[in-house]
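[1] Could you look at this predicted model? Sequence included:
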Amino acid sequence: MHALEAQQISLKVYLEDGNAPNMDALIPVFHAWISDRTLDETIIDVADYRHLKHGPALLLAGLDANYTLDNTDGSFGFIYTRKRGGPTDFQARLNDAFKRVLSACALLETNETLTPAP
């Protein structure tokens, strides 16, 4: 298989300061995303992996894609992984992955329960 025919795409957006976010506050936000169908795809579960020192911390598991708060490389970031489906053209798949991870990051940045009061 040629690299541009890759079916799975993962993109990581690093947190600005690299510090761990408030995981206890994130879990209910992620559950709300599932129940409110906030994301434009089917997300089915939230898994807590905070016990791993350098690994995924929180996982939003979906049918076609996962969203992961990750610390695998020692720096926290938010990963979008398209597992299957999506656009058939590689460039369109890549553009879609960027759009989805950045949209999810924007949702986190503007969430009132996660944003500290001024």
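    Sure thing, it's come through.
[2] got a list of what residue 33 touches?
    Going by CB atoms under 8 Å, 6 or more residues apart in numbering, residue 33 touches 39, 43, 60, 107. Any C-beta I mention is one placed from the backbone N, CA and C, and that applies to glycine too.
[3] Wasn't it part of a strand?
    No - in this structure, residue 33 is helix, not part of a strand, as judged by DSSP: H, G, I helix; E, B strand; the rest coil.
[4] Go through the contacts of residue 33 and flag which are in helices.
    residue 107 (DSSP state H).
[5] which two from the contacts of residue 33 end up farthest apart in space?
    Pairwise distances across the contacts of residue 33 (CB to CB) peak at 12.3 Å, for the pair 43 and 107.
[6] For these two, indicate the residue with more neighbours.
    residue 43 (21 against 14; other CB atoms under 10 Å).
[7] Run through the bridge partners of the more buried one.
    Assessed by DSSP bridges, residue 43 has beta-bridge partners residue 62.
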